[in-house]
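**Q** got a sequence here, can you model it:
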Amino acid sequence: MVQIVKPRIRGIIATNSHPTGCEKNVQNHIDSIKAHVTPKPTNLNVLVVGASMGYGLASRTALAWLYGGNTIGVFFDREPSGTRTATAGYYNTVAFHQQAQQDGLFAASIKVWAAIPQERIASSRCSCGRPV
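**A** Numbering: from 1, shown residues only. Purely as a prediction, here's the structure:
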């Protein structure tokens, strides 16, 4: 089934997102790092809270492709369901994982609302490797 995604905006907030646009955005970040910076491989292990958008995604991308860091991202974003698209952060994370796997980098993500103690406990038992 093909879903046509039309922009839905409330005020200055986009309430939907397009997976291809998010993938292109992540790819642009990676291409910029590859084109302008010489990689400095390390054995960094990195935990990024808020890893699906903004500074968190930018930090995670830079640490992975610039330093070869093993990244674990923590975020809370909605998956697609029924007629609703996922959040941009979810699509960003999926694109990040696909590109990391293609480039031989370790990436794991945990979807959790860290403000709730029960969620933090449950997330410690999640398997890693793709958004859960």
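**Q** pull out the buried positions in stretch 90-99.
**A** Neighbour-count burial for stretch 90-99 flags 90-97, 99 (criterion: 16 or more other CB atoms under 10 Å). (Each C-beta comes from the backbone N, C-alpha and C, glycine too.)
**Q** with distance to Ile72 and secondary structure added, can I get those residues in JSON lines?
**A** Output for the buried residues of stretch 90-99, formatted as JSON lines (distance: CB to CB, whole Å; DSSP: H, G, I helix; E, B strand; the rest coil):
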{"residue": "Tyr90", "distance to Ile72": "16", "secondary structure": "helix"}
{"residue": "Tyr91", "distance to Ile72": "19", "secondary structure": "helix"}
{"residue": "Asn92", "distance to Ile72": "15", "secondary structure": "helix"}
{"residue": "Thr93", "distance to Ile72": "12", "secondary structure": "helix"}
{"residue": "Val94", "distance to Ile72": "16", "secondary structure": "helix"}
{"residue": "Ala95", "distance to Ile72": "17", "secondary structure": "helix"}
{"residue": "Phe96", "distance to Ile72": "12", "secondary structure": "helix"}
{"residue": "His97", "distance to Ile72": "12", "secondary structure": "helix"}
{"residue": "Gln99", "distance to Ile72": "16", "secondary structure": "helix"}
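**Q** and the two most separated of those residues?
**A** Pairwise distances across the buried residues of stretch 90-99 (CB to CB) peak at 15.3 Å, for the pair Tyr90 and Gln99.
**Q** what are the boundaries of the helices in the chain?
**A** Shown for the chain, the helices assigned by DSSP state H span residues 19-36, 54-67, 88-102, 117-123.
**Q** any idea which of these is most buried?
**A** helix 88-102 (a mean of 21; mean count of other CB atoms under 10 Å).
**Q** and that one, what does it pack against?
**A** Applying 3 or more CB pairs under 8 Å, 6 or more residues apart in numbering; DSSP states H and E, we find helix 88-102 packed against helix 19-36, helix 54-67, strand 70-75, strand 107-111.
**Q** the ones you listed: which one's closest to Ala86?
**A** Taking CB to CB, helix 19-36 is the member of the helices and strands packed on helix 88-102 nearest to Ala86, at 7.5 Å.
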